[in-house]
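Q: here is the input, now give the coordinates:
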Amino acid sequence: MALVSEFLGQLTLSYGGEVEPKFPTVVPVRDFDPEKDAARIETAIKTKGVDEQTIIDILTRRSYEQRREIAFIYERLAKKDLIAALKGALSGSLESLMLGLMKSTAQYDASELKASMKGLGTDEETLIEIVCSRNNEELLEIKKVYRETFKKELEKDIAGDTSGDFAKLLLALVQSLYEAGVKRKGTDVATWIAIMAQRSVPHLQKVFERYKSYSPYDMKESIRKEVKGDLEKSFLTLVECFENRQLYFANRLSDAMKSKGAKEKVVTRIMVSRCEVDLMKIRTQFKKQHRRSLYQTIAEHTKGDYQKALLSLCGGDD
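A: A predicted model of the protein is given here:
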């Protein structure tokens, strides 16, 4: 890793302070009538056998703020909590998806991180996906929500559940404490971590371009040659997200749906967490990369009410 380390050590990084534009597939509905929506959901839940279609139609086509308003009115109307009512009425992947939609993006990410560190063993894949694909602004919000919800610091939980350089990298990303222009001495991995944790995307994109002329391998090939395991996966995720974050999510969705017994947890997580952020752009990248639309792929690899909910979040065919 000496070559990579030497190259990265020569860099001075600057933060990209601009706010990323949003490309959602789920937007606030016009002529919003929360009373009517709440009443329709209550009727759907009370219907014999549950009318899942109505619940899907409403909750997947309202923004988070609108869903919150529906939940507030539902409680007044039905004298019970909407989340508890949905838990009682739905099951399986559809239930997970609908309950996910009742959280803000940051709340959902925080709860997914918590779940990935619960019980026996850590779900490193989820940890890597969330921590390495969110920008600094998103991570700050996740940390705040994590503290409010679980009365614990996200860093402490990560430190308790991971170890070695993998833990150092995740903590550096979550803490976002490195100042611009760090030139560190120390082990090669420490240099990589310091550079990656800066995360000024436009700058790093130029870095990777320049790296190609400096090395016989591109950045991803160098990573594969020089680090292994969870650390390798983390670095690769970071590089993929720096190069094209929406393409990273498009490929994750494609892999999850192609795998035997579609990895519904991954599909649900990406669709729920990105539908009000950049799912429209993910859709575009999906079609470009995989020559099929995300909509068609969901239709082919999922089924039932869960499929209907995903297609609704997808927001149309390309």
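Q: pLDDT wise, what is residue 221 at?
A: In the predicted model, residue 221 carries a pLDDT score of 88.
Q: neighbours of it, how many?
A: Under the neighbour criterion other C-beta atoms under 10 Å, residue 221 is assigned a count of 12. Every C-beta, even on glycine, is put in place using the N, C-alpha and C of the backbone.
Q: do residue 41 as well
A: A count of nearby residues for residue 41, using other C-beta under 10 Å, gives 26.
Q: and residue 52, how far is that from residue 306?
A: Distance from residue 52 to residue 306, counting by C-beta to C-beta, to the nearest Å: 9 Å.
Q: cool, and residue 32?
A: In terms of C-beta to C-beta, residue 32 sits 26 Å off from residue 306.
Q: looking at these two, which one has more neighbours?
A: Legend: neighbour count by other C-beta under 10 Å for residue 32 and residue 306, higher for residue 306 (24 against 14).
Q: isn't the more buried one right next to residue 93, touching?
A: Yes. The pair formed by residue 306 and residue 93 meets the contact definition of C-beta atoms under 8 Å, at 4.4 Å.
Q: what sits in contact with each of the two?
A: In terms of C-beta atoms under 8 Å, 6 or more residues apart in numbering, residue 306 and residue 93 are both contacted by the residues residue 264.
Q: point out where the protein drops to low pLDDT.
A: Low-confidence segments of the chain, defined by pLDDT under 70: 1-18, 176-188, 198-199, 261-262.
Q: residue with max distance from the center of it?
A: Taking C-alpha atoms, centre = their mean as the measure, the residue most remote from the mean C-alpha position of the chain is residue 48, 35.4 Å away.
Q: now do the SS call for that one.
A: Under DSSP: H, G, I helix; E, B strand; the rest coil, the three-state class of residue 48 is coil.
Q: which residue ranges form the helices in the stretch 201-318 of the chain?
A: According to DSSP state H, counting those that start in this stretch, the stretch 201-318 of the chain carries its helices in the segments 201-214, 219-226, 229-258, 264-274, 279-290, 294-301, 304-314.
Q: turn those helices into CSV, columns for distance to residue 40.
A: Shown next, in CSV, are these (distance: least, C-beta to C-beta, whole Å):
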stretch, distance to residue 40
helix 201-214, 42
helix 219-226, 49
helix 229-258, 30
helix 264-274, 22
helix 279-290, 25
helix 294-301, 25
helix 304-314, 15
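Q: relative to residue 145, which of these is closest?
A: Ranking the helices of the stretch 201-318 of the chain by distance to residue 145, with C-beta to C-beta as the measure, places helix 264-274 first at 12.8 Å.
Q: can you pull the contacts of the spatially closest residue to residue 230 that is not a sequence neighbour?
A: Nearest in space to residue 230, with sequence neighbours left out and distances taken as C-beta to C-beta, 6 or more residues apart in numbering, is residue 166 at 4.4 Å. Under the criterion of C-beta under 8 Å, 6+ apart, the contact partners of residue 166 comprise 124, 229, 230, 231, 234.
Q: got the contact list for stretch 27-39?
A: Contacts of stretch 27-39 from elsewhere in the structure, counted by C-beta under 8 Å, 6+ apart, are 58, 61-63, 65-66, 69-70, 72-74, 77-78, 82, 276.
Q: related to what we said a few turns ago, overlap in contacts of residue 52 and residue 306?
A: Each of residue 94 lies in contact with both residue 52 and residue 306 under the rule C-beta under 8 Å, 6+ apart.
Q: re the thing from before, for residue 114, find the nearest of the helices of the stretch 201-318 of the chain.
A: It's helix 264-274; of these, that one is closest to residue 114 (C-beta to C-beta) at 13.1 Å.
Q: just checking, what packs against the closest one?
A: helix 92-101, helix 105-116, helix 124-133, helix 229-258, helix 279-290, helix 304-314 (3 or more C-beta pairs under 8 Å, 6 or more residues apart in numbering; DSSP states H and E).
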